[in-house]
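Student: Structure here, sequence nowhere to be found:
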């Protein structure tokens, strides 16, 4: 009996795997998720509300919420840089183009 596939990632990979546009979009979403988690971690680690961090960055609370939910239409990486600048943190984003492409976000105190 053939196994029924229920894993969404596996289904999408079978359907679109190998398509360069699909791979680019998947990597972009992965970066957005990493940025979202990093911004959340930075904000909560600093004991700030979304509103307070938004004021420090020069944006609105609703935009900060979208960034943390990986639902921001602008450049998530640019917003992360702004957050790091506001919190006096140094950031390095490292990407590779190996078969298992990865983007890493490294943070340090400025």
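Tutor: That came in fine, so what should we check first? Not measured: the values here are computed from a predicted model.
Student: ok, the element among helices and strands of the chain having the smallest mean pLDDT: who's next to it in the sheet?
Tutor: Ranked by mean pLDDT, DSSP states H and E, the helix or strand of the chain with the weakest confidence is strand 103-109, at a mean of 72. Paired neighbours of strand 103-109 in the sheet (DSSP bridges): strand 89-95 (antiparallel).
Student: What residues of the longest helix seen in the chain count as buried?
Tutor: For the chain, the helix with the greatest residue count under DSSP state H is helix 20-45. Of the residues in helix 20-45, 26, 31-32, 34-36, 38-39, 42-43 count as buried by neighbour count, 16 or more other Cβ atoms under 10 Å. To be clear about C-beta, it is placed using only N, CA and C from the backbone, and glycine gets the same treatment.
Student: could I get those as JSON lines with distance to residue 59 and pLDDT?
Tutor: What follows is the buried residues of helix 20-45, written out as JSON lines (distance: Cβ to Cβ, whole Å; pLDDT from 0 to 100):
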{"residue": "26", "distance to residue 59": "27", "pLDDT": "79"}
{"residue": "31", "distance to residue 59": "19", "pLDDT": "83"}
{"residue": "32", "distance to residue 59": "16", "pLDDT": "88"}
{"residue": "34", "distance to residue 59": "20", "pLDDT": "87"}
{"residue": "35", "distance to residue 59": "14", "pLDDT": "90"}
{"residue": "36", "distance to residue 59": "15", "pLDDT": "94"}
{"residue": "38", "distance to residue 59": "16", "pLDDT": "93"}
{"residue": "39", "distance to residue 59": "11", "pLDDT": "95"}
{"residue": "42", "distance to residue 59": "15", "pLDDT": "94"}
{"residue": "43", "distance to residue 59": "13", "pLDDT": "96"}
